[in-house]
Structure formats: C-alpha cells, structure tokens
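J.: how does the following fold in three dimensions:
(one chain, ligands or ions: 1)
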Amino acid sequence: MTRIFAVVMGLFLGFLLTVSHAGAAEIPAPVMVKVNDRIHALLGPMEMPTKQNQGYMVNSILLIGDTSAIVIDTGLSDEIGAMLARHYAKLTDKPIKYVINTHHHGDHTLGNAAFPGAKFLSSEICRQLMLEDGPTWVSILESINERKFPNTKVIPADTTYPKDSRTELTLAGIKMVFWVPEAAHTIGDMMIWLPDDEVLLAGDVLVNQVTPSFRDAKLKEWIQTLAEVQNLPINTIVPGHGPLMSKQQAAAMHQRMLSLYNDITAGVKQGLTDNEIRQKMDLGEWIKLHNFNEQMGNNINRAYLEIEADNF
Ligand SMILES: [Zn+2]
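T.: All right, here's what the predicted structure looks like:
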C-alpha cells in the first residue's frame, strides 16, 4: 500500500513539474524591422521588466557585413541572448564575430554569453561598470524571474574606446564611427554612427515612446549630446528602447529633457524641494510615454540632486 502510494505520489509530482515547466512564460517575440539590406533591428517590449516578459525589453541590432556579422546589445539574460541569436540565424548564415555593448546596463549586456567566439567591444567605462555592477544586474534578473540563471555571465569587452572620443573604423567591411560622449544616459555610453547608411545606433542615449531612465545619468552632458545628434547626417535612429526614430523625434526628446532641466534649475534657485517643483512642472509631454508612473518620480529626484549639487 505504502509503495503504491509512493509511486502514485511520484507520478503526481512528475505531472506537477511537467505542468509548471510547460506553464513557464515564453520570452515575448521581438518586432523585426529591416532598416536596409544589412541592418536589421529586433525591437523588444516597451513595458517594465516583469516575470511575464522575463526582463526582455532591449532593442538589439544585427549588421550583416562582408564575411561576418555584428550584434549590438544582447538582452538581460543568456536566454534572451539565445532567443535573439536564433532570430539572427534566420537573417544571415555569416558568423557573428563582433558584439558591441552600447552601455553597461544588464538589459543590454547580460545576453553576451549567447555569442561565444565573438569579440566584445564597448567604451572603456562600460567595461569598468560591467565589472563593478554586473553582479547587481544578475541579481535584478534573478529577482524579477524568481529563479537562478547559472548561465548568465558578465562578459566585459576585449577592446574598449575612451571617454569623449570618436573612432572611425571598418568592421566586417562596414564603415562606422564609435562615438563615446563625455556622458549621457550613463558615464559609459557608446553610440554607433554608420555614415554610409545614414543610421545612428543610439543605445539608451535615445529612447522612443518610453520614459528614459535617469538612474545612472548625467543630465547636463546628456542634453548636450542630444544637441550634437542634430548635427549628424542621419536619416534613421535605432533607439535603445521603442520604435525607430527620425531626427525630428530626437529633437523632441532633446527639447523635453532641456525644459525639464530648466524647470528644475529654476525651482532649485528658488529654494523649492523636488516635490514642490514637481507640482509646478508641466509634464504633459512626459505623461504620454510608457512607464511614466514607474520612472518619472525617481527621474525628477535624480535630476534634482544633480542640479542641486551643480548649483551649490
Ligand atoms: Zn540603460
């Protein structure tokens, strides 16, 4: 009797395990956008990271070169990276020889392990911040998903580019300029400008229809960088999150950021608290963006601290 019970329980547990595994959320499918014959973007969801989307939110890009291919940004986990790699394998059979990370945030870098054999490129500071903050990003991933990710590894760049530089190079036969601003969304952003394609791969320096995150930002330098984007001869911008952008949309983001900065500066000079400033601000252009409620309070607080320190 006891043995039969044990066998039945065993079967039941096995059944439960199968059901719970089958019930695990699938990573949402990316929106595939062909920018031109050699540039393909996989656009991620615009919502905040959840157990349902498994933290998949990044835009990742494939550049198909002469004999090899390049991937820009890899997702929050090795599983997201592998999902992106499967999509890329349908678009090209050329090997992915290079992975470029636009900045250190986990949603852009923790999928690097899914591209074994690639050379990894980023700004110098991105490399440094990945080494410092990588483990924190892995714990963010694991707490969102309430499980371990033993194969998600922090893989920093082999080759790096210094702060405040523009480096012209040809990679896989594609002419590009690596633009590392003084600072912007982080202190280690790197954008990729493709002059022959008139395309800018902006990382989170530019985001479209979503609230940008000020978490690690330097607002003053970010606004300056956004002004400089207007001087580039480009037609299309692939932002870090959200749909493709025009230069006009980038100008609108610049204006939004600039007026927020000016409003807070005026408030700081009047001796107001961040809450008092928030009450007086017109956030009409911001409230239309995804994740406004989740991000904007923290953003205003971050901006206030930066501006207060600058005006001390
Ligand atoms: Zn970011």
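
J.: just give the number of residues close to A69.
T.: Using other CB atoms under 10 Å, A69 is surrounded by 24 other residues. All C-beta spots, glycine's among them, are computed from the backbone N, C-alpha and C.

J.: what residues sit buried inside stretch 209-224?
T.: For stretch 209-224, a neighbour-count test (16 or more other CB atoms under 10 Å) marks 210-214, 216-224 as buried.

J.: residue in the stretch 151-300 of the chain nearest to the ion?
T.: Residue nearest to the ion within the stretch 151-300 of the chain: D204 (3.8 Å; CB to the ion).

J.: go ahead and confirm that residue touches M253.
T.: No: with contact defined as CB atoms under 8 Å, D204 does not reach M253; the gap is 11.3 Å.

J.: the more surrounded of the two?
T.: Neighbour tally, D204 and M253, criterion other CB under 10 Å: the higher count belongs to D204, 26 against 22.

J.: so what's the more buried one up against?
T.: Residues in contact with D204 (CB atoms under 8 Å, 6 or more residues apart in numbering) are T102, H103, H105, H108, H185, T186, D189, P212, S213, P239, G240, H241.

J.: show me where the stretch 151-300 of the chain has helices.
T.: Ranges of helices in the stretch 151-300 of the chain, per DSSP state H, counting those that start in this stretch, are 219-229, 247-269, 274-280, 292-310.

J.: would a markdown table of those with mean pLDDT and distance to the ion be doable?
T.: Formatted as a markdown table, these follow (pLDDT from 0 to 100; distance: least, CB to the ion, whole Å):
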| stretch | mean pLDDT | distance to the ion |
| --- | --- | --- |
| helix 219-229 | 98 | 12 |
| helix 247-269 | 97 | 15 |
| helix 274-280 | 93 | 22 |
| helix 292-310 | 96 | 12 |
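
J.: JSON lines for those, including distance to Y98?
T.: Formatted as JSON lines, the helices of the stretch 151-300 of the chain follow (distance: least, CB to CB, whole Å):
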{"stretch": "helix 219-229", "distance to Y98": "24"}
{"stretch": "helix 247-269", "distance to Y98": "26"}
{"stretch": "helix 274-280", "distance to Y98": "42"}
{"stretch": "helix 292-310", "distance to Y98": "32"}
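
J.: L62 is in what secondary structure piece?
T.: Using DSSP states H and E, L62 sits in strand 60-64.

J.: could you pick out the residues of the chain near the ion for me?
T.: Within the chain, the positions near the ion by CB under 5 Å from the ion are H105, D204.

J.: where in the chain is pLDDT low?
T.: 1-24 (pLDDT under 70).

J.: strands of that one, start to end?
T.: Here the chain has its strands, by DSSP state E, at 31-36, 39-43, 60-64, 69-72, 96-100, 119-123, 159-161, 165-171, 174-180, 191-194, 199-203, 236-239.

J.: T136 and the ion, how far apart?
T.: Separation of T136 from the ion (CB to the ion, to the nearest Å): 14 Å.

J.: can you name the residue of the stretch 51-200 of the chain nearest the ion?
T.: Counting by CB to the ion, the stretch 51-200 of the chain gets nearest the ion through H105, at 3.5 Å.

J.: check the offset of stretch 36-43 from the chain's centre.
T.: Offset of stretch 36-43 from its chain centre (CA atoms, centre = their mean, to the nearest Å): 17 Å.

J.: for it, buried residues please.
T.: R38, I39, H40, A41, L42, L43.

J.: the fourth one reaches N59, doesn't it?
T.: Put plainly, it is A41. Yes: using CB under 8 Å, A41 is in contact with N59, at 5.9 Å.
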